[in-house]
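>>> what would the 3D arrangement of this be:
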Amino acid sequence: QVQLVESGGGLVQAGGSLRLSCAASGRTFSRYAMGWFRQAPGKEREFVAAISANGGSTDYADSVKGRFTISKDNAKNTVLLQMNSLKPEDTAVYCCAARVVNLSVVLSTYREYDYWGQGTQVTVSS
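The predicted structure is shown next:
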């Protein structure tokens, strides 16, 4: 089992940047594929980005491609989401998720994940 704790959210103006971090407990972090999802008030949970257990494969929602970058540091048990050129429509609670899978598999739907963090709020003002 793994516990996930997100940090790095906050209030930023449109066009600005934030870097979210997801710290994981446990000794087997290198076996976990990781993902970031977001949910805005009144909207369904939405896929943002995902990375394979070995960090070699990634996937992004069309809405964030070219602006967001996901990375995974297995030595530090951390997955990062670098968010640039932020827009007001990026405002949401961002959560990270984890699941043990084969090294190169990327999971892009929330039902595929077993473990979730509590989330961190990102607010982008216009």
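>>> alpha carbons only for contacts and neighbour counts from here, please
Noted.
>>> start to end distance for stretch 84-100?
For stretch 84-100, the first-to-last residue distance is 29 Å (CA to CA, to the nearest Å).
>>> what of stretch 96-109?
Start-to-end, stretch 96-109 (CA to CA) is 12 Å.
>>> buried sites along it?
96-101, 103-109 (16 or more other CA atoms under 10 Å).
>>> restricted to strands, list those.
If you go by DSSP state E, the buried residues of stretch 96-109 have C96, A97, A98, R99, V100 in strands.
>>> how much space between the fourth one and G55?
Using CA to CA, one gets 14 Å for the distance from R99 to G55.
>>> swap in the second one?
Between A97 and G55 the distance is 15 Å, computed by CA to CA.
>>> again, but for P88
From P88 across to G55, the span is 29 Å (CA to CA).
>>> who has more neighbours out of these two?
G55 (22 against 15; other CA atoms under 10 Å).
>>> I'd say that one and T69 touch.
No - here G55 does not reach T69: they are 12.0 Å apart, not a contact under CA atoms under 8 Å.
>>> tell me where the protein has helices.
Remark: no helices are assigned in the chain by DSSP state H.
>>> show me where pLDDT drops low in the protein?
For the chain, no stretch is flagged by pLDDT under 70.
>>> can you pull out the strands in it?
4-7, 10-13, 18-24, 32-39, 46-51, 58-60, 68-73, 78-83, 92-100, 115-116, 120-125.
>>> give me the contacts around the shortest one.
Put plainly, it is strand 115-116. Q1, V2, Q3, L4, C95, C96, A97, A98, R99 (CA atoms under 8 Å, 6 or more residues apart in numbering).
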